[in-house]
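**Student:** Build me a structure from this.
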Amino acid sequence: MALSANLFLRQSQSLVMTPQLMQSIQLLQMTHIELMQFISQEIERNPLLEMVADDGDLGGDSADPTDRPLVSADNNHTHDDAPATPSLDSDWYEENGNASLNDRLDANFDNAYSDEGSAVRPDAPELLSQWKSMPGNSGETGEGFDLDDFVAGQISLRDHLNQQIPFALNNDADRLVAAVLVDHLDEAGYLRADLTDVASRLGRDLHAIEQVLETLQTLEPAGVFARTLSECLAIQLRQRDRYDPAMAGLVENLELLAKRDFSTLKKICGVDEEDLIDMLAEIRKLNPKPGSNFEHSATESVTPDIVVRPDPLGGWKVELNPDALPRVLVNQNYMAAVGRQTGNKESGDHAFMSECMQSANWLTRSLDQRAKTIMKVAVEIVRQQSAFLEQGVDYLRPLNLKIVADAIKMHESTVSRVTTNKYMMTPRGLFELKYFFSVSIASAEGGDTHSAEAVRHRIRMMIAQESTEAVLSDDDIVHTLKKSGVDLARRTVAKYRESMNIPSSVQRRREKRAMAKIPAI
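**Tutor:** Numbering: from 1, shown residues only. Okay, here's the model as predicted:
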């Protein structure tokens, strides 16, 4: 066969991962906090981007926003056509509005306190100076206060211990060792350091380090500086004067207590059943995490992305949470002003501003598309799980990504990114979007399938309602579920039970019998 060169015309489609497309994908899976951090970085490097504050004002301190034609991410139109509103500082307000409103509303306070002199009492000038010097106070209007500035801060575990160390240790060298040991405490108050390494690093004798540690273990809260759970409980029992040989045997065999092996514990401790019940009551009074009552880090509340409310006309009203939607504006007026000053379109300034404008427009479109995609997924989830919102977790339907993706004409990967770290506020509580996706379990009667989360909830409720005389085994749970139409294997019930940290029927029976004899604390 002769070889020859031929020319063909071929048409094909391909998807190219451009930097803009990658940015849109990243924005879609970002949480609210990550999105705000990303936008803040973009605003710092792009002079055309501005953030709208919660009160509707621009985040910057530049000129009046009414002088700037801005393009919003949610409406994509300029604000030049906005009707002019009279300023509160204008003559119209002073001449007509203020006086007439005061007369009609009987709110003229000019002579309300004429017999008491001025509003500010002259006998307390220091209070007036302190009031005006407070952060955020203008001294005239009293506005701009942040109530968080007046909230008393909680003391940390390290500060609480550092206040006690000077009274417990007199030697400066011992205080230095104590400061090093304090730095090795975890959030629960346990010491996570090797004393041999500490002694080698500080050049001290190991016995001296152990003596300092023994002193530190007498500080408050009781049980701090313990290295194990047994040592933590032993420290607290010593301070209560309850650490006798029988209690020592119980503390040293906590694994038997976890297994509810009370018969073996009675032999080890050398006590009868009544004494063992009293010892268990003492153990229940102790704190296994003595440092948990102190502040460790700032608590971050979850901001829901979707808010679901009952619709008065029937059904559910699904809305995007405005607090989770950053409003980014593009300052086109600034772009025009720079263009008039530079003049030459081939200059470096004009090229830089053109690139900034292109990046800003793409960011606003990406944020708008992100909001629309989240809304589409949320609406479909609410439609699929309407019975759950009305009647509870028992009516949670089995759902997967493919069902939602086919309904909204999107790819499964897009739905997966949307449901990652996104939350929905419903009348039944705050849920992550992934909570509504669960595995399907076949029905014993050949009817509708059941959600795995709903089945786990049934198992949890059945075990919570069982009595001491009738503790349900895994086989009993299987038979009960089958009567209600859920076809589930015994090993699956055991797997669900273990995933919910529920012990076996034997351990639950031992615990219920022991707890029934322990008096209420």
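**Student:** what's the longest helix in the protein?
**Tutor:** Selection of the longest helix in the chain by residue count, based on DSSP state H, yields helix 348-384.
**Student:** So what's the model's average confidence on that one?
**Tutor:** Per-residue pLDDT values over helix 348-384 give a mean of 88.
**Student:** Going by neighbour count, list what's buried in that helix.
**Tutor:** The neighbour-count criterion (16 or more other Cβ atoms under 10 Å) identifies 350, 353, 356-357, 359-361, 363-364, 366-368, 370-371, 373-382, 384 as the buried residues of helix 348-384. Where C-beta positions appear, they are placed from N, C-alpha and C, glycine not excepted.
**Student:** same deal with stretch 491-500?
**Tutor:** By 16+ other Cβ under 10 Å, the buried positions in stretch 491-500 come out as T492, V493, Y496, R497.
**Student:** Let's have the residues you listed in a markdown table, adding pLDDT, secondary structure and distance to L9.
**Tutor:** Formatted as a markdown table, the entries for the buried residues of stretch 491-500 read as follows, by pLDDT from 0 to 100; DSSP: H, G, I helix; E, B strand; the rest coil; distance: Cβ to Cβ, whole Å:
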| residue | pLDDT | secondary structure | distance to L9 |
| --- | --- | --- | --- |
| T492 | 86 | helix | 59 |
| V493 | 86 | helix | 64 |
| Y496 | 85 | helix | 60 |
| R497 | 87 | helix | 65 |
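**Student:** List just the nearest of these to D475.
**Tutor:** The nearest member of the buried residues of stretch 491-500 to D475, counting by Cβ to Cβ, is V493 at 8.5 Å.
**Student:** now that closest one: how far from L472?
**Tutor:** Here V493 is placed at a distance of 10 Å from L472 (Cβ to Cβ, to the nearest Å).
**Student:** try L21
**Tutor:** In this structure, L21 lies at 54 Å from L472, with Cβ to Cβ as the measure.
**Student:** give me phi/psi at V486?
**Tutor:** V486 adopts backbone torsions of phi -110, psi 120, taken as degrees, to the nearest 10.
**Student:** The residue nearest to it when sequence neighbours are not counted - how many residues pack around it?
**Tutor:** In space, V486 comes closest to H450 once its chain neighbours are excluded; the distance is 5.3 Å by Cβ to Cβ, 6 or more residues apart in numbering. One way to gauge burial is a neighbour count; for H450, by other Cβ atoms under 10 Å, it gives 27.
**Student:** what helices or strands is the helix or strand hosting V318 leaning on?
**Tutor:** Taking DSSP states H and E as the criterion, the element that holds V318 is strand 316-320. Here strand 316-320 is seen to pack against strand 306-310, helix 348-384 when contacts are counted using 3 or more Cβ pairs under 8 Å, 6 or more residues apart in numbering; DSSP states H and E.
**Student:** Point out where the stretch 301-450 of the chain drops to low pLDDT.
**Tutor:** Applying pLDDT under 70 to the stretch 301-450 of the chain flags residues 342-347, 442-448.
**Student:** hang on, the earlier thing: list the strands paired with the strand holding V318, with their directions.
**Tutor:** Sheet pairing of strand 316-320 (DSSP bridges) gives strand 306-310 (antiparallel).
**Student:** what packs against whatever helix or strand comes next after the longest helix of the chain?
**Tutor:** For helix 348-384, the following helix or strand on the C-terminal side (DSSP H and E) is helix 386-391. Other elements packing on helix 386-391 under the criterion 3+ Cβ pairs under 8 Å, 6+ apart are absent; no helix or strand qualifies.
**Student:** Going by secondary structure, the residue nearest to M353 when sequence neighbours are not counted is in what exactly?
**Tutor:** In space, and not counting its chain neighbours, M353 is closest to V338: 5.1 Å by Cβ to Cβ, 6+ apart. Take DSSP H and E as the rule and V338 turns out to sit in helix 332-342.
**Student:** Alpha carbons only: can I get that helix in PDB?
**Tutor:** Extracted C-alpha coordinates of helix 332-342, given in PDB (Å, rounded to 0.1, in the frame of the first residue of the first chain):
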ATOM      1  CA  GLN A 332     -16.500  50.800  37.200                       C
ATOM      2  CA  ASN A 333     -16.200  54.500  37.900                       C
ATOM      3  CA  TYR A 334     -12.700  54.000  39.200                       C
ATOM      4  CA  MET A 335     -11.800  52.100  36.100                       C
ATOM      5  CA  ALA A 336     -13.100  54.900  33.900                       C
ATOM      6  CA  ALA A 337     -11.200  57.500  35.900                       C
ATOM      7  CA  VAL A 338      -7.900  55.600  35.500                       C
ATOM      8  CA  GLY A 339      -8.600  55.200  31.800                       C
ATOM      9  CA  ARG A 340      -9.100  58.900  31.400                       C
ATOM     10  CA  GLN A 341      -5.800  59.700  33.300                       C
ATOM     11  CA  THR A 342      -3.700  57.200  31.400                       C
END
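**Student:** Could I get the buried residue list for it?
**Tutor:** Within helix 332-342, the residues that qualify as buried by neighbour count (16+ other Cβ under 10 Å) are Q332, N333, Y334, M335, V338, G339, T342.
**Student:** Reformat the residues you listed as TSV; add distance to V307.
**Tutor:** Formatted as TSV, the buried residues of helix 332-342 follow (distance: Cβ to Cβ, whole Å):
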residue	distance to V307
Q332	32
N333	34
Y334	35
M335	36
V338	40
G339	42
T342	46
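**Student:** quick one: which of those is nearest to I502?
**Tutor:** When the buried residues of helix 332-342 are compared for distance to I502 (Cβ to Cβ), Q332 wins out at 61.0 Å.
**Student:** Look up how far V177 lies from the closest one.
**Tutor:** Applying Cβ to Cβ, the value for Q332 to V177 is 64 Å.
**Student:** before we move on, what about S484?
**Tutor:** The gap separating S484 from V177 is 63 Å, by Cβ to Cβ.
**Student:** For the two, indicate the residue with more neighbours.
**Tutor:** More crowded of S484 and V177, by other Cβ under 10 Å: V177, with 23 against 13.
**Student:** which residue sits closest to the more buried one, ignoring its sequence neighbours?
**Tutor:** Of all residues not flanking V177 in the chain, V212 sits nearest, at 4.7 Å (Cβ to Cβ, 6+ apart).
**Student:** I would like the residues contacting the helix or strand containing that neighbour, please.
**Tutor:** Secondary structure assignment for V212, by DSSP H and E: helix 206-216. Contacts of helix 206-216 with the rest of the structure, by Cβ atoms under 8 Å, 6 or more residues apart in numbering, involve 161, 165, 168-169, 174, 177-178, 181, 191, 195-196, 198-199, 202, 224-225.
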